[in-house]
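Asks: Please find the sequence and the predicted model below.
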Amino acid sequence: MKMKKLFVLFTSALLMFAMVSCNLFKSNDKEEVVVENVITNDINYMYENYGDTYVWYESQIYLNDFLDEECDGSFSKIVNVFQVVTHTDSVGGESLVVQITHVGDSSNVETTEGFWLEDMPMVFRHLTVTYDHAFQLMNQSNYPKPHSKNCVLRKEVGPKVANPQYIFGNIQSQIYVDAINGNVTDCSPSFCKDENVANDTIVVITNDTITNDTVSDESISNDTISNDSVNTTLG
């Protein structure tokens with residue numbers, strides 16, 4: 001009888017240990033972060049705080065591993081760059097550059113006076129290629145992978161009007177993936193003279209046609225967004 005009780009107690013203890021272990025693993029799971037959700041969260045933040053006076057210029061993605069090594073595209077940091085015009089007159093105007101940085105469980109909004117001169121504005125709804133798809137297209141290309149942990153989504157200023165590009169790499173070496181038609185090249189479409197580099201769907205944005213996106217996707221919550229911080233979790 002005593003042995004039977006010991007067996008029951010031992011079995012119960014094992015069951016409780018298994019249940020606790022399972023709950024611990026479940027509690028440590030984090031929802032996978034999607035680059036597009038982070039961008040649209042920040043677009044909504046800009047609209048809620050600055051109205052339709054903002055423009056979106058750039059999204060910087062910092063990968064966990066070097067592109068030329070065993071890189072799966074996962075990342076630890078995203079920085080979205082916006083600009084807001086705060087004053088205009090006959091002489092010129094004033095503006096703020098707003099950079100929203102997401103690292104791990106923390107996010108930060110930094111504003112500086114000035115203008116963002118490196119890129120042309122982008123409109124989110126015009127983009128058809130996601131970050132994950134762009135990473136896959138880059139990996140499938142025959143171009144040598146740059147020794148870099150950087151990717152930036154931007155529409156470069158150059159002598160040729162081109163689509164926004166996912167640019168994987170650094171100043172020494174880059175691979176460009178078109179964010180609209182998926183074309184892959186190792187030369188910037190805004191500067192490259194190669195006739196084989198196509199821009200099948202060029203979006204020309206002027207001051208008269210720039211419109212901002214307010215995203216109403218129910219899967220994206222802005223309940224935790226405030227003027228001081230943006231709570232977006234990176235895995």
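Replies: Happy to help now that I have it. Just so we're clear, the structure is a prediction, and the values are computed from it rather than from any experiment.
Asks: List the strands paired with the longest strand along the chain, with their directions.
Replies: Longest strand in the chain by number of residues (criterion: DSSP state E): strand 75-88. Strand 75-88 pairs in its sheet with strand 54-63 (antiparallel), strand 93-103 (antiparallel), by DSSP bridges.
Asks: buried residues in it?
Replies: For strand 75-88, a neighbour-count test (16 or more other C-beta atoms under 10 Å) marks 75, 78-84 as buried. Heads up, the C-betas are built off the backbone N, CA and C, glycines and all.
Asks: quick one: contacts for the closest residue to S173 other than its chain neighbours?
Replies: Nearest non-adjacent residue to S173, counting by C-beta to C-beta, 6 or more residues apart in numbering: P146, 3.9 Å away. Contacts here follow C-beta atoms under 8 Å, 6 or more residues apart in numbering; on that basis P146 touches 67-68, 168-170, 172-175.
Asks: Nearest to Y45 among the residues you listed?
Replies: Taking C-beta to C-beta as the measure, Y45 lies nearest F168 of those, at 26.6 Å.
Asks: Are we agreed that the closest one is in a helix?
Replies: No. Counting by DSSP: H, G, I helix; E, B strand; the rest coil, F168 is not part of a helix but strand.
Asks: Can you give me the distance of it to K160?
Replies: Using C-beta to C-beta, to the nearest Å, F168 is found at 20 Å from K160.
Asks: Same drill for the two, tell me which one is more crowded.
Replies: A side-by-side neighbour count of F168 and K160, using other C-beta atoms under 10 Å, places F168 first with 30 against 14.
Asks: For that one, name its beta-bridge partners.
Replies: Under the criterion used (DSSP bridges), F168 bridges to C151, I175.
Asks: just checking, it touches Q174?
Replies: Yes. At 6.7 Å, F168 counts as touching Q174 under the criterion of C-beta atoms under 8 Å.
Asks: tell me the secondary structure for N41?
Replies: Per three-state DSSP, N41 ends up helix.
Asks: quick revisit: give me the three-state assignment for the residue nearest to S173.
Replies: From three-state DSSP, the assignment for P146 is coil.
Asks: In the chain, where is pLDDT below threshold?
Replies: For the chain, residues meeting the criterion pLDDT under 70 lie at 1-31, 194-235.
Asks: mind listing the strands for it?
Replies: Taking DSSP E as the criterion, the chain carries its strands at 54-63, 75-88, 93-103, 106-113, 119-120, 150-156, 165-169, 174-178, 184-185.
Asks: Can you add distance to D132 and give these back as a markdown table?
Replies: Shown next, in a markdown table, are the strands of the chain (distance: least, C-beta to C-beta, whole Å):
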| stretch | distance to D132 |
| --- | --- |
| strand 54-63 | 11 |
| strand 75-88 | 11 |
| strand 93-103 | 17 |
| strand 106-113 | 21 |
| strand 119-120 | 22 |
| strand 150-156 | 11 |
| strand 165-169 | 10 |
| strand 174-178 | 11 |
| strand 184-185 | 15 |
